[in-house]
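Asks: Sequence and computational prediction follow.
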Amino acid sequence: QVQLQESGPGRVKPSEPLSLTCTVSGVSIRGTTYYWVWIRQPPGKGLEWIGSIYHSGSTFYNPSFKSRVTMSVDSSKNQFSLTLTSVTAADTAVYYCARPSEETFLEWSVGLDVWGQGTTVTVSS
Amino acid sequence: QSVLTQPPSVSGAPGQRVTISCTGTSSNIGAGYGVHWYQKFPGKAPRLLFYENNSRPSGVPDRFSGSKSGTSASLAITGLQAEDEADYYCHSYDTSLSASVFGGGTRLTVL
């Protein structure tokens, strides 16, 4: 059974970078052809796609984040990561890592059927 | 403001059928992109209910079904149960934004 678990600081100061890691268990990132995805939900708001990364390292980012987002994969640790720079209070949210329902396809094509439990990040000084 | 528009709330009595709409444009649903639906309880991760317009993950009751027509999609829930009370989100792709997009969410209340 595939499981995802987010980890990272619960609080980040404004203008500093936010870094989160998603640890994958039950399947090898290196041995499959899934995309790996980050989604967030600000308090009282809806879901927002941040970006997706292929096992090879190819990335697709939400243009609304401009150049603030970077994602990476560490196959040796079976993890993938998110870094969001120059954070403001608007980046306060629950951050989820997730996986599409089928290999090779991006999340918008086949939906996301495996999710982490989410981690709350508060941007505050 | 989401590019996929959902009603903020819907309600229904136990046993009834309710539908939740997701209205898009020619840049997303109308362009032929698939629509996926999620159920979300407060403090929990979303659960995929229906994807690619016509597929249901294993374990999801067949009381949940999706459909699409033109620039809109709908999630139908039949035989409404108290446990269905949750937030529901639609999800697709918008070619003008070059982004995966979600609806604003609909809160379902079981009366």
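Replies: The structure has been received and is ready for your questions.

Asks: now for the helix or strand of chain A with the lowest mean pLDDT, which elements pack on it?
Replies: Every helix and strand of chain A was ranked by mean pLDDT, DSSP states H and E. The lowest is helix A:107-110, at a mean of 90. On a contact count with 3 or more C-beta pairs under 8 Å, 6 or more residues apart in numbering or on different chains; DSSP states H and E, helix A:107-110 meets strand A:48-54, strand A:93-100, strand B:87-94, strand B:99-102. Every C-beta, even on glycine, is put in place using the N, C-alpha and C of the backbone.

Asks: 7 Å instead?
Replies: Helices and strands touching helix A:107-110, as assessed by 3 or more C-beta pairs under 7 Å, 6 or more residues apart in numbering or on different chains; DSSP states H and E, are absent.

Asks: so after it, what's the next helix or strand?
Replies: As assigned by DSSP states H and E, the chain's next helix or strand after helix A:107-110 is strand A:112-115.

Asks: ok, back up a step: what does the least confident helix or strand of chain A contact?
Replies: A:35, A:37, A:52, A:100-102, B:33-34, B:51-52, B:92-93, B:100 (C-beta atoms under 7 Å, 6 or more residues apart in numbering or on different chains).

Asks: do stretch B:61-74 as well
Replies: B:19-26, B:29-30, B:35, B:37, B:49-50, B:53, B:56, B:75-79, B:90.

Asks: Which among those count as buried?
Replies: B:20-25, B:29, B:35, B:37, B:49-50, B:53, B:56, B:75, B:77, B:90 (16 or more other C-beta atoms under 10 Å in any protein chain shown).

Asks: what's the farthest-apart pair in these?
Replies: Greatest spacing in the buried ones among the contacts of stretch B:61-74, by C-beta to C-beta: B:25 and B:56 (26.1 Å).

Asks: picking that back up, okay, and which of the buried ones among the contacts of stretch B:61-74 map to helices?
Replies: When the buried ones among the contacts of stretch B:61-74 are checked against helices (DSSP state H), there are no matches.

Asks: Quick one, which of these has the minimum pLDDT?
Replies: Taking these together, the minimum pLDDT is found at residue B:53 (59).
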